[in-house]
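Asks: No sequence on hand, only this structure:
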């Protein structure tokens, strides 16, 4: 406490920011509001709260203590929402397990996090049985339909809850207590654990809800909405939206495993009006045969995870979907920016509005975001000066679990390094242009390897191209282009370099962007899933 | 830090909740948005930020140190908004002086708070010259028009700012640092000082903004709004709305001293769409001769401070004003509840909607509110069981300045005692019915003196009536009624008591509510402003 801190009366309640505190207004104002599961089960908020209390009893009976990690392997469900609250409210840590990882990776993350209790959807009982788990002492079954309890399981979720009183005496604790953890997989190395405190999750909820709700019309989230996640609850708390939806007291719909036909039915049946997903899911849903019969008008959709194509945006807008972009990552809880249309732009024509919807978005309240050059100097907000995006917000992971080196690298200089490259315009619209690893730092400037590839690819002789940066004593790095020539063409590096110089003269790229060397190869290395393997190219050219 | 607190990487930024952090998204996204003063001066948010930095320089040059108190006596202005940010951002304390108090009271509050610097609007130079100020070392003039600097003043605000650089290096500090202080006057005793930390003001901003913005339509606050306060900035930070409006990046209008004609002109000229005021101001504005020519449609107005009459609500609604109630007090920063219409009620007819608009409202996020009996037991949320309203929220004053006894009384039992009596219905609508001092605790029940007065007043013999509680060994308290009989009527206490028993038999009041004694008097004591003086009645009947 500093010298100028407010004086606190001994009897005064100083209100720690705990996840349980999000329930006060929801239960007072929306006790009869519904939480719907894909199988048709409906609970009111009042019932949900009683179930959270029952779950807290059940977990306590199973030996869960403050500080213990409780891991969940489930599809999106009302049960998961109950875990979002009950586990942290006990002072325990909720581990949301990414069930899309390989068995080996899941096993690694459970052991690394030290999970004590594991809640397992019936779909995963079989793989989990093969895991070598070092710390898990208790397994609980999550099953939509009656089934025999597998060997080694302490009980089935609904049966455990039914056996417990509806009132649990939650105690309070430090708001900096860890509430959640989950793992993020980069392109290299083992999954890394990120973690969030009660305070961080409450502040993410408050600030992001403001950004969403303050929209006058387009992209506006409000008490009349019906929320359904389409980014899984194991993925950065489904973008934190279940906490936001609960605090707001809106109707919620949990779709289980994502199956396009079921999603469409739920949107229709429950009048879902607010969701979020990656472009792939949207595309799957829109292109499903039964999409044509479903009324999707007024469905607000935040898109994140990867870049939106204009074609997909147009397809969605034609169906009456109100779609816009959000930006963030596992390390940032996740939301940092949202691309809602400014009231001043509401009269813009369709094309101009699309251009705004696919931008990466504008900062939500409390987010300090800047783009910096390699020396961490802030770049101008001119809409084109690109640099690494670094951020501060009250909800950023304070490190990686048990990984001090990566943690320091993440927070180098007191700002969280997103490893994304982008620029900001005078009205606050961020545009992410590259991943840092795809950018070449040369002559004190950032050159986008993706842009160089795009331009080189326009040369008539070029079939495929990859550009990487190679260390250079004078310039820091220099671009190096690998080109697969079209069959029957005699490769000519000078022709490609002079083609690129044309773009440099026109100001489209920096003159530093023209590679000194264009190397012709028979084929480019690819990963097992067919993606360009730049890492292999870099490793062979150090 | 508890054992289960998150691990913080040494380089990580842990983000204290400071008032300056509210500016990040506003300046990124709304740099060109306007802040308008009544005299026509317009500043963009970018200019506003530069002026906040200049003011910080100016105050530092005048000797302001962290922990110092800077008091402001001004009408609602862009200057005041600049002080709302610059003073706390320096780690100093902003004292918002209630210029409507008596000279004696103002002098008392300045001395009690220990103000070091005093910013004085030209309208108050004359009274301030007569004050005996113990701690004020420096005076700054706030003047809308050029005038000679009064004796003893260090400078004029605009001149001081113009002389300072546009970039100040603000440092960061503990979020529990005191940011603001001001005084509340009860019916008895000296004004009491309340105080709020940076953390509290940031959390009030975030939570109340959510409550306002989450409304689907009625009462919705959004980025397209134009905000103008009509509750003074010296009164509980103008309900905290200037912080909310700034974070949201909306256009703001500051009307100076409240003069109905000017208010109407500003609403029209600047297209003001969001304000808040007490019923008196609304009534003054609506009944001004030029109100008829002003288009007030779409003006959203939160009403607080005292009860709304249905007649005033109807008058406002007929003019197209979207009016609804807010509830709070100086001790609560202030907002606790807002009476927005639930989406489910949007189809209700006019009368039913009016009934909701004049309720005291529903809890904003994070507010824990309950009504309790005299033993602090929670009463059912049944829409009629009335008890004292006690609250917890992250933004309640943690005491009264230099007044430990009153602080403990305020926080008795770990809940802030509002001293208001009310009931809550199953949908969360609070209805305040009485002030605690107007309630009689008898036979373990609360009996409303206001309701007894209302019922006794219906008796044909009664001209005026006042009811107080008098101590009673057996029942705790008993009601005592003072009645002025209609002229020419022979007073008959039994007739009045049996009239009241009729209401008790019908269940309208408790049978404990029928006074043992009805005392006839020639007149009732009144205060200097003509209000019933119950204190005098109580003092004569202890």
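Replies: Good, I have the coordinates. The model shown is predicted, which means the values in this text are computed figures rather than measured ones. Numbers count the residues shown, from 1 in each chain, chains lettered A, B, ... in the order given.

Asks: what sits against residue A:296?
Replies: A:267, A:319, A:320, A:321 (CB atoms under 8 Å, 6 or more residues apart in numbering or on different chains). (C-beta placed from N, C-alpha, C; glycine too.)

Asks: do you know how far the first one is from chain B?
Replies: When CB to the nearest CB, to the nearest Å is applied, the distance between residue A:267 and chain B equals 19 Å.

Asks: Let me see the backbone angles for that residue.
Replies: Per-residue torsions, residue A:267: phi -60, psi -40 (degrees, to the nearest 10).

Asks: ok so, going back, just the buried ones from the contacts of residue A:296, in ChimeraX syntax?
Replies: Filtering the contacts of residue A:296 down to the buried ones (16 or more other CB atoms under 10 Å in any protein chain shown) takes a single ChimeraX command:
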select /A:267,319,321
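
Asks: Out of the contacts of residue A:296, name the ones that lie in helices.
Replies: residue A:267 (DSSP state H).

Asks: At which residues are the strands of the stretch 251-400 of chain A located?
Replies: Ranges of strands within the stretch 251-400 of chain A are A:251-254, A:274-277, A:300-303, A:322-328, A:335-338, A:362-363, A:368-372, A:387-392, based on DSSP state E, counting those that start in this stretch.

Asks: Which residues belonging to the helix or strand where residue A:46 lies are considered buried?
Replies: Assigned by DSSP states H and E, residue A:46 falls within helix A:45-61. Across helix A:45-61, burial judged by 16+ other CB under 10 Å covers A:45, A:47-59.

Asks: Distance from the chain centre to that helix, please.
Replies: Centre-to-centre, helix A:45-61 and its host chain are 28 Å apart (CA atoms, centre = their mean, to the nearest Å).

Asks: continuing past that helix, what's the next helix or strand?
Replies: Following helix A:45-61 in sequence order, the next helix or strand is strand A:69-73 (DSSP H and E).

Asks: quick one, phi/psi of residue A:499?
Replies: Backbone geometry at residue A:499, expressed as degrees, to the nearest 10, gives phi -60, psi -40.

Asks: got the contact list for the residue lying closest to residue A:171 once chain neighbours are set aside?
Replies: Take residue A:171 and drop its neighbours on the chain: the residue closest to it by CB to CB, 6 or more residues apart in numbering or on different chains is residue A:91, 7.5 Å away. For residue A:91, the contact set (CB under 8 Å, 6+ apart) comprises A:65, A:66, A:67, A:171, A:173, A:177, B:4.

Asks: Please tell me which one of those residues counts the most neighbours.
Replies: Most neighbours among those, by other CB atoms under 10 Å in any protein chain shown: residue A:177, with 25 neighbours.

Asks: on that earlier part again, now the helix holding residue A:46: average pLDDT?
Replies: In this model, helix A:45-61 carries a mean pLDDT of 98.

Asks: ok, of the buried residues of helix A:45-61, which one's closest to chain B?
Replies: For the buried residues of helix A:45-61, the minimum distance to chain B (CB to the nearest CB) is 11.0 Å, reached by residue A:45.

Asks: Residue nearest the middle of chain A, spatially speaking?
Replies: residue A:329 (4.5 Å; CA atoms, centre = their mean).

Asks: what's the burial count for the residue nearest to that residue when sequence neighbours are not counted?
Replies: Among residues not flanking residue A:329 along the chain, residue A:418 sits closest, at 6.5 Å (CB to CB, 6+ apart). Other residues near residue A:418 come to 24 when the count uses other CB under 10 Å.

Asks: ok, residue A:418 to chain B distance?
Replies: Note on residue A:418: its distance to chain B, by CB to the nearest CB, is 14 Å.

Asks: same thing with residue A:80?
Replies: 22 Å.

Asks: Tell me which helix or strand that residue sits in.
Replies: Per DSSP H and E: residue A:80 is located in helix A:78-89.

Asks: what angle do that helix and helix A:45-61 make?
Replies: Here helix A:78-89 runs at an angle of 60 degrees relative to helix A:45-61 (axes from the mean of the first three to the mean of the last three CA atoms, to 10 degrees).

Asks: Give me the buried positions along stretch A:120-129.
Replies: Per 16+ other CB under 10 Å, stretch A:120-129 contains these buried residues: A:120, A:121, A:123, A:124, A:125, A:128.

Asks: Tell me which of the residues you listed fall in helices.
Replies: Per DSSP H, these map to helices at A:125, A:128.

Asks: and of the buried residues of stretch A:120-129, the nearest to chain B?
Replies: Taking CB to the nearest CB as the measure, chain B sits nearest to residue A:120 out of these, at 24.7 Å.

Asks: how close does that closest one get to residue A:67?
Replies: Distance of residue A:120 to residue A:67, computed by CB to CB, to the nearest Å: 22 Å.

Asks: The residue lying closest to residue A:437 once chain neighbours are set aside - how many residues pack around it?
Replies: Nearest non-adjacent residue to residue A:437, counting by CB to CB, 6+ apart: residue A:419, 6.9 Å away. For residue A:419, the neighbour count with other CB under 10 Å is 19.

Asks: now residue A:375
Replies: The number of residues packed near residue A:375 is 7, by other CB under 10 Å.

Asks: Please apply the same query to residue A:292.
Replies: Around residue A:292 there are 9 residues (other CB under 10 Å).

Asks: Tell me, what's the model's pLDDT at it?
Replies: pLDDT recorded at residue A:292 is 92.

Asks: Give me the distance between it and chain B.
Replies: Counting by CB to the nearest CB, the gap from residue A:292 to chain B is 29 Å.

Asks: Over to residue A:190?
Replies: Counting by CB to the nearest CB - residue A:190 and chain B are separated by 18 Å.

Asks: Identify the residues contacting residue A:172.
Replies: Counting by CB under 8 Å, 6+ apart, residue A:172 makes contact with A:16, A:18.

Asks: isn't there a strand covering it?
Replies: No - going by DSSP: H, G, I helix; E, B strand; the rest coil, the assignment for residue A:172 is coil, not a strand.

Asks: For chain B, give me its nearest residue in the stretch 401-542 of chain A.
Replies: Closest point on the stretch 401-542 of chain A to chain B, by CB to the nearest CB, is residue A:428, at 3.6 Å.

Asks: and the lowest-mean-pLDDT helix or strand in chain A, what other elements does it pack with?
Replies: One helix or strand of chain A scores below all others by mean pLDDT, DSSP states H and E: strand A:445-448, with a mean of 80. With contacts taken as 3 or more CB pairs under 8 Å, 6 or more residues apart in numbering or on different chains; DSSP states H and E, strand A:445-448 sits against strand A:439-442.

Asks: neighbouring contacts of the helix holding residue A:46?
Replies: Applying CB under 8 Å, 6+ apart, the contact partners of helix A:45-61 are A:23, A:26-27, A:30-35, A:43, A:70, A:78, A:81-83, A:85-87, A:89-90, A:92, A:117, A:155, A:160-168, A:170, A:246, A:249.

Asks: Just the buried ones from those residues?
Replies: For the contacts of helix A:45-61, a neighbour count by 16+ other CB under 10 Å gives the buried set as A:23, A:26-27, A:30-31, A:33-35, A:43, A:70, A:78, A:81-83, A:85-87, A:89-90, A:92, A:117, A:155, A:160-161, A:164, A:168, A:246, A:249.

Asks: any chance of the strands of the stretch 251-400 of chain A in a markdown table, plus mean pLDDT, distance to residue B:261 and mean neighbour count?
Replies: Listed next are those as a markdown table, based on pLDDT from 0 to 100; distance: least, CB to CB, whole Å; neighbours: other CB atoms under 10 Å in any protein chain shown:
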| stretch | mean pLDDT | distance to residue B:261 | mean neighbour count |
| --- | --- | --- | --- |
| strand A:251-254 | 98 | 47 | 26 |
| strand A:274-277 | 97 | 44 | 26 |
| strand A:300-303 | 97 | 43 | 24 |
| strand A:322-328 | 95 | 42 | 26 |
| strand A:335-338 | 97 | 41 | 27 |
| strand A:362-363 | 96 | 39 | 26 |
| strand A:368-372 | 97 | 43 | 20 |
| strand A:387-392 | 96 | 46 | 23 |
